[in-house]
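1. got a predicted structure plus its sequence, pasted below:
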Amino acid sequence: MDNLLDRITISPQICNGQPTIRDMRITVKTMLDYLAAGETFDNILGAYPQLEREDIQACLHFAARALERKIQAFELAS
C-alpha cells in the first residue's frame, strides 16, 4: 500500500507546494473534499478522466498517514 504514496507529489512550483496527484494540478485536498461531500470514485473519475482509481486511493492513504503522524506528534508533546 505504501507504493500508492508514490502517486502523491509535493513540489513548490505546483499548487504552492500542496500535495497533488502525480504532479498534476489536482490536490489531495480537492479529492478528499469530493469524497467527504459524498462523491463516488466513479463520479470523480468521470469528472477527471486523467485520474486512475489508485490515485483516489492514494489520497485516502496519504490522509490516513498524515493523521497518524499528527496523532503521534501530539502524543509525544503531551
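-> Now that the structure is in, tell me what you want to look at.

2. in terms of contact, does Glu54 touch Leu5 like I think?
-> No: using Cβ atoms under 8 Å, Glu54 is not in contact with Leu5, being 10.9 Å away. C-beta coordinates here come from the backbone N, C-alpha and C atoms, glycine included.

3. hey, where'd the helices end up in this protein?
-> Applying DSSP state H to the chain gives helices spanning 28-36, 41-47, 53-77.

4. can I get those in CSV with distance to Gln18?
-> Converted to CSV, those look like this (distance: least, Cβ to Cβ, whole Å):
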stretch, distance to Gln18
helix 28-36, 7
helix 41-47, 18
helix 53-77, 11
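
5. for Cys15, which of these is the nearest?
-> Closest of those to Cys15 is helix 28-36, at 9.2 Å (criterion: Cβ to Cβ).

6. so where's the chain shaky on pLDDT?
-> Across the chain, the ranges flagged by pLDDT under 70 are 1-2, 70-78.

7. what residue is smack in the middle of it?
-> Cys59 (2.5 Å; Cα atoms, centre = their mean).

8. my guess is it meets Thr20, correct?
-> No: in this structure, Cys59 is not within contact of Thr20 by Cβ under 8 Å, at 9.8 Å.

9. show the contacting residues for Asp23.
-> Going by Cβ atoms under 8 Å, 6 or more residues apart in numbering, Asp23 touches Thr9, Ser11, Ile14.
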